[in-house]
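Peer 1: would you be able to build a 3D model of this:
(2 chains, ligands or ions: 2)
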Amino acid sequence: MGPSVPGQLSAYVAYSKSASVSSGILRRPLSAVGRTAQSTAEHAGEIALLLSATVRSVVRLQVSLRSVLQQIYIMGVQSIPIVVVTAVLAGIVTSQQGGYQFQGAVPLYILGSIVVASVVLELGPVLTAIVLVGRVGARITAELGTMKVSEQLDAFHALGRDPIAILAAPRIIAGVIVVPVLVGIANLVGVLAGMVAARMTLDLGYESFLYGARLFWHNWDLFYSLTKAVTFGLAIPVISIHMGLRTRGGAAGVGRTTTASVMFMTLTVLILDALFPPLLLQ
Amino acid sequence: MIIRYRDLWKAFDHPILAGVDFGVNEGEMFGVFGPSGTGKSVLLKTTIGLIDLDRGDVEVDGESVYGGGPRALQRIRYKVGYVFQNSALFDSLNVYENVEMGMA
Ligand SMILES: Nc1ncnc2c1ncn2[C@@H]1O[C@H](COP(=O)(O)OP(=O)(O)OP(=O)(O)O)[C@@H](O)[C@H]1O
Ligand SMILES: [Mg+2]
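Peer 2: Ligands and ions are numbered 1, 2, ... in the order given. You can find the predicted model right below:
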């Protein structure tokens, strides 16, 4: 005998009605346009809600410092090796290709300025961001997406906890803090690598390289570089969290949203990057 | 009546809940049956406001789930024990942290 059942046993029978789908010739292209517009508006609205919920949880001091530090470690410290490798290669390539381009045409110390400008204005922030899209963004989407499809996010709500405060806010805060630091490291390492490469392959001494670098340096360039970094440091976690939260459809759904999220983040980084010169380099 | 579902309407891509209306008494064991994908989980989730309804409301212990504001909803969620279909344990947390998460 099983356990005794207190009270009566009742039942409610759920049933489904199939929806009727009608079709027409013009309907398909028109509804495709409509769907794209609708989904763009949905994304924008959801991202705005995510940001406001994050700000609210920060203001109400619901975000634990421990989670933020943990995310700083995962997103920042653990990314240092790949960021450094990327920056070294970018610095070397810029230095060598620049040297090839300007052979005999202009004094070679100009190379110092070219490497610094390329790395600090563009390659440092953008390559770092692209690397982080793969290393940090994809991970966040897959992680939150899995929690979504396994009902763990619902479980937070069921326990009266706010998943935005617990999961989203620490990642966004950590992103804004960590990416500028990583970009700073990438800038420094990239320039040093370019300097060493110029000396080894083009016989351009460090003194001359640095002379050239200083000749065209503006402090604004560093500000510009770090402003890019903060922007990307906000965009990557916000988009990856947003995509994770809207995951549906089991394991296949997690795969689908993670891919979509990586494309969304990469395009966003490149488009934001393209907006910087007209806005900040006038 | 301890839980009262009032005229629940919800459509995702197609209608799922269409005027669901019934109550469950204190001490009663109540079963909901139906083929997969007909909306049993969606219905249950409305009990603690995990699904945005198109129309209707749920009352738990005399309090409105959808009309009572965030504080009332929070009270209801602390009061109701909900077991998810796939257990929904926090698999990135250890056992202690899982239990801790459920303590206010
Ligand atoms: N968040 C959601 N967004 C879109 N559609 C959803 C969502 N949740 C459920 N659905 C859809 O609603 C329908 C009912 O789902 P539900 O999970 O309630 O079924 P179920 O009766 O519990 O099935 P099972 O017996 O397999 O557990 C399904 O078609 C499902 O795909
Ligand atoms: Mg179910």
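Peer 1: secondary structure element holding residue 93?
Peer 2: I'll assume chain A. A:Val93 belongs to helix A:80-101 when elements are defined using DSSP states H and E.
Peer 1: also A:Pro237?
Peer 2: Per DSSP H and E: helix A:219-245 holds A:Pro237.
Peer 1: was I right about A:Ile47 contacting A:Ser240?
Peer 2: No: proximity of A:Ile47 to A:Ser240 does not meet the contact threshold set by Cβ atoms under 8 Å, at 11.3 Å. Every C-beta, even on glycine, is put in place using the N, C-alpha and C of the backbone.
Peer 1: between those two, which has more neighbouring residues?
Peer 2: Shown here are A:Ile47 and A:Ser240; by other Cβ atoms under 10 Å in any protein chain shown, A:Ser240 has more neighbours (31 against 16).
Peer 1: got a list of what that one touches?
Peer 2: A:136-141, A:144, A:171, A:261, A:265 (Cβ atoms under 8 Å, 6 or more residues apart in numbering or on different chains).
Peer 1: state the pLDDT value of it.
Peer 2: pLDDT recorded at A:Ser240 is 98.
Peer 1: helices along chain B, start to end?
Peer 2: Using DSSP state H, the helices of chain B run over B:40-46, B:69-79, B:95-101.
Peer 1: next: chain A.
Peer 2: Going by DSSP H, chain A shows helices at A:27-59, A:65-71, A:80-101, A:110-117, A:124-132, A:138-149, A:152-158, A:163, A:169-202, A:206-215, A:219-245, A:250-280.
Peer 1: about what we covered before: from the contacts of A:Ser240, which single one is nearest ligand 1?
Peer 2: A:Leu144 (14.8 Å; Cβ to the nearest ligand atom).
Peer 1: need the nearest residue in space to the closest one, chain neighbours excluded.
Peer 2: Of all residues not flanking A:Leu144 in the chain, A:Gly244 sits nearest, at 2.8 Å (Cβ to Cβ, 6 or more residues apart in numbering or on different chains).
Peer 1: then A:Thr247?
Peer 2: A:Gly145 (3.5 Å).
Peer 1: per-residue pLDDT of A:Tyr100, please?
Peer 2: With respect to pLDDT, A:Tyr100 has a value of 86.
Peer 1: look up phi and psi at the residue of the stretch 151-282 of chain A at minimum distance from ligand 2.
Peer 2: Scanning the stretch 151-282 of chain A for the residue nearest ligand 2 gives A:Glu151, at 9.9 Å (criterion: Cβ to the ion). Main-chain torsions, A:Glu151, degrees, to the nearest 10: phi 70, psi 10.
Peer 1: around it, count how many other residues there are.
Peer 2: Going by other Cβ under 10 Å, the residues that sit close to A:Glu151 add up to 21.
Peer 1: contacts only, for the residue nearest to it when sequence neighbours are not counted.
Peer 2: Spatial nearest neighbour of A:Glu151, chain neighbours left out: B:Ala88 (4.0 Å); criterion: Cβ to Cβ, 6+ apart. The contact partners of B:Ala88, taken as Cβ under 8 Å, 6+ apart, are A:150-152, A:154-155.
Peer 1: buried only: go through these for me.
Peer 2: A:150-152, A:154-155 (16 or more other Cβ atoms under 10 Å in any protein chain shown).
Peer 1: out of these, the closest to A:Val68 would be?
Peer 2: The nearest member of the buried ones among the contacts of B:Ala88 to A:Val68, counting by Cβ to Cβ, is A:Gln152 at 20.3 Å.
Peer 1: so that closest one touches B:Phe90, yeah?
Peer 2: Yes: with contact defined as Cβ under 8 Å, A:Gln152 counts as touching B:Phe90 (5.8 Å).
Peer 1: which residues of the stretch 151-282 of chain A lie near ligand 1?
Peer 2: With Cβ under 6 Å from any ligand atom as the criterion, the stretch 151-282 of chain A comes near ligand 1 at residues A:Arg248.
Peer 1: for the nearest residue to B:Met101 once chain neighbours are set aside, give me its contacts.
Peer 2: Distance criterion Cβ to Cβ, 6+ apart; nearest residue to B:Met101, sequence neighbours excluded, is A:Leu159 at 5.8 Å. By Cβ under 8 Å, 6+ apart, A:Leu159 lies in contact with B:77, B:101-102.
Peer 1: among these, which one has the lowest pLDDT?
Peer 2: Among the contacts of A:Leu159, pLDDT bottoms out at B:Gly102, giving 81.
Peer 1: now that one, nearest residue through space, not along the chain?
Peer 2: A:Leu159 is the one closest to B:Gly102 (Cβ to Cβ, 6+ apart), at 5.0 Å.
Peer 1: now do the phi/psi pair for the one you found.
Peer 2: Torsion angles, degrees, to the nearest 10, at A:Leu159: phi -90, psi 10.
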